[in-house]
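# Next comes the sequence, and after it the predicted model I'd like to discuss.
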Amino acid sequence: MLRERGRKPSPQHSLVVQLGLLAFCIFFLLLPGRASIPPFDRDEPRYMQATSQMLETGNFVDVRFQDKPRYLQPAGIYWLEAAAVSLSGTFRQREAWAYRVPSLLAMTASVVLTARMGAVLFNPAAGLMAGALLGTSVLVTAEGRMATIDSTLLLIVVLTQAVLLRVLQDRIAGRPTRVRTALLFWGALGCGLMLKGPVVLIPGLATPLAFSFVERDWLWLKRLRPAWGWLVMLAVVLPWCIAIGVVSHGEFFQRAVGRNFLGKIGHGQEAHGAFPGYHLAVFAIAFWPGSFFAAAAIPVIWSWRASWKIRFLLCWIIPHWLVFELIATKLPHYVLPTYPAIAILTASALQASGDTWKAWPRTLWARFLLGFYGIVWAIFGIALSVAGIALSKVLEGQIPVSAWLAAAGSLPLLGLAFREVLKARLWQSAMCSTAAAVIIYMGLFLGVIPNLKAIWLAPRVAELVDEYRPCPETEVVSSSFSEPSLVFLMHGDVELRNAAEGSAMLKRNPGCGLVLVDRRDFPAFQNGLTSNGVKSLEYGRVTGFNYSTGKWLDLGLYGALSP
């Protein structure tokens, strides 16, 4: 039957429409820069190159980066990226955007699912604000643009928590939990294992266990059918585990579990060690602009602590956060799976407090800390607004119009946000600051970051090599620039060696060899050529800033001079 004219849509229908609009907005917020920004060193091009090699060889079990095994996590993320690249038809062109599609879709879905959970737990307004706070946070907008594992892992975590919420609703309503709900929970955990290994079990299992402990109720866990559910989880990951165990002769488990997973606990890997409290310290930046509002909401959240809804969200956050504060290796995205719960708690507190915020801390020291936090939050917001201007001026010597527009559009909104905070209208301030964040990201990713040629060394080096390639099968050695982005953009046809090995290669292959050498390494390269009786010819130079090492490079491309 056709809906009667003039009849109001149901609340459920209205929520679906609102979530659809949110999905549309987040999707297009994450689009700018996806195709125009080269691979971000260092993790992203490693995923890209490993996926590309998977497609080239047809080996979808043994993941490799050049000639070395990449035994950090299972193959799930590489399968997703391989599917995206295959469907896009851009495999030969090495288009970065195709590898980034899984992250785009996963992050969009994570934000929408967060908003839905907020609406179910509290109300649609709180849910939409939670989605806005999560979707405009610095860490989400960065991870959602990269072809790494974190966006897809976040979606799995949010999905498992959404299933747990459904089970808790069934418990409260006194209705049975369907088998398919339990299947979805254990199947999602299995997919998480295929993406990141045991890491997904921290939020996946710690949340229900912590909630059961706090509520002193363990019977509700039977609704998840744990007696056979773990078999569903293993059924997802076990076939690949058997295959990789056979192919690698057990080396995958030794590296992935023994070195990568357990090794992060005792010491900081790859210079990523940090102090306990690191994640709390960087939260002001990583969750901006929502970080100040999350801090301000703490008294409200504490006053609601008797509610099962608040306990559920806290049991989602606290165990995961504590684990990653205690382990030695720390990176900001390690606590990203807790951000949806933080966004929901923050939005619900803001929404429930009405037009005027009355939940300021009572003690002087707490007021001082929140005030200091607010100052840090404000300074970082201003810094983000003018970041495009500063970066363009320092690195390129000229400022694009997009940088001026981003600053001109976001600074007034930030000013309004600051004023609303002083007037104790935090809901309005949150809306102003999220709008400012959208303008900032659009300006940075549309017109600023793609045009910072000084930091995009790999594309210019690859173009220089292609211009002077003497043979179809040219042998290329990079002795001073060893970033994985260069490996990806050169289709894996580059060897990362030192200057002496580069000169030895020219001695062995003078007609079809090229060597990339920084000016600081040139004396060692020249000494090697002299000892080998080879004279070099410089074809061209590329200068720029390697943001991975914090060093300026002046790279020369050399070949052997014909006698």
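Ah, there it is.
# Could you pull up the residues touching the closest residue to L30 other than its chain neighbours?
Distances taken as C-beta to C-beta, 6 or more residues apart in numbering place G144 nearest to L30, at 4.5 Å, with adjacent residues excluded. To be clear about C-beta, it is placed using only N, CA and C from the backbone, and glycine gets the same treatment. Contacts for G144 (C-beta atoms under 8 Å, 6 or more residues apart in numbering) come out as L30, S103, L104, M107, T108, S151.
# Looking at those residues, spot the one nearest S480.
The nearest member of those to S480, counting by C-beta to C-beta, is S103 at 30.8 Å.
# Quick check, the closest one in contact with S151.
Yes - here S103 lies in contact with S151, judged by C-beta atoms under 8 Å, at a distance of 3.9 Å.
# Find residues that contact each of the two.
E143, G144.
# Now do the biggest helix by length in the chain: which elements does it pack against?
For the chain, the longest helix by residue count, based on DSSP state H, is helix 364-396. With contacts taken as 3 or more C-beta pairs under 8 Å, 6 or more residues apart in numbering; DSSP states H and E, helix 364-396 sits against helix 278-286, helix 291-296, helix 401-422, helix 426-443.
# Now distance to R166 too, for those, in JSON lines please.
As requested, those are exported to JSON lines (distance: least, C-beta to C-beta, whole Å):
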{"stretch": "helix 278-286", "distance to R166": "29"}
{"stretch": "helix 291-296", "distance to R166": "25"}
{"stretch": "helix 401-422", "distance to R166": "35"}
{"stretch": "helix 426-443", "distance to R166": "28"}
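# between those, which gets nearest to L452?
Smallest distance to L452 across the helices and strands packed on helix 364-396 (C-beta to C-beta): 10.6 Å, for helix 401-422.
# Return the distance of the closest one from the chain's centre.
26 Å (C-alpha atoms, centre = their mean, to the nearest Å).
# residues contacting V158?
V158 neighbours (C-beta under 8 Å, 6+ apart): S110, L113, T114, M117, P337, P340.
# quick one: what helix or strand has it in it?
For V158, the host element (DSSP states H and E) is helix 150-173.
# before we move on, back to that, can you tell me which of the helices and strands packed on helix 364-396 comes nearest to L555?
Closest among the helices and strands packed on helix 364-396, using C-beta to C-beta: helix 401-422, at 27.2 Å.
# Buried ones in the longest helix of the chain, by neighbour count?
Across helix 364-396, burial judged by 16 or more other C-beta atoms under 10 Å covers 370, 373-374, 377-378, 380-382, 384-389, 391-392, 395.
# do stretch 12-26 as well
L15, Q18, L19, L22, A23, C25, I26.
# rewinding a little: got the contacts of G144 as TSV, with distance to V494, pLDDT and secondary structure columns?
Output for the contacts of G144, formatted as TSV (distance: C-beta to C-beta, whole Å; pLDDT from 0 to 100; DSSP: H, G, I helix; E, B strand; the rest coil):
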residue	distance to V494	pLDDT	secondary structure
L30	31	97	coil
S103	26	98	helix
L104	28	98	helix
M107	31	98	helix
T108	35	98	helix
S151	28	98	helix
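# Just among those residues, which is most surrounded?
Within the contacts of G144, neighbour counts (other C-beta atoms under 10 Å) peak at S103, which reaches 29 neighbours.
# which residues touch stretch 315-327?
So stretch 315-327 is contacted by 161, 202-203, 206-208, 210-211, 214, 264-265, 276-280, 330, 334-335, 337-338, 341-342 (C-beta under 8 Å, 6+ apart).
# Just the buried subset of these, please.
161, 202-203, 206-208, 210-211, 264, 278-279, 330, 334-335, 337-338, 341-342.
# Filter these down to the ones in helices?
Using DSSP H, 161, 202-203, 206-208, 210-211, 264, 278-279, 341-342 are the members of these that sit in helices.
# pLDDT weak spots in the chain?
1-9, 258-273, 563 (pLDDT under 70).
# wait, what's in contact with the residue nearest the centre of it?
Nearest to the mean C-alpha position of the chain, by C-alpha atoms, centre = their mean, lies E143 at 2.4 Å. With contacts defined as C-beta under 8 Å, 6+ apart, E143 is in contact with S103, M107, D150, S151, L154, H333, L336.
# just V214 next, same as before
R311, C315.
# let's see 6 Å
Applying C-beta atoms under 6 Å, 6 or more residues apart in numbering, we find V214 in contact with R311.
# same question, M117
Each residue near M117 by C-beta under 6 Å, 6+ apart is listed here: A162, L165.
# Is it in a helix, a strand, or coil?
helix (DSSP: H, G, I helix; E, B strand; the rest coil).
# Distance-wise, check it relative to R178.
Computed as C-beta to C-beta, to the nearest Å, the M117 to R178 distance reads 19 Å.
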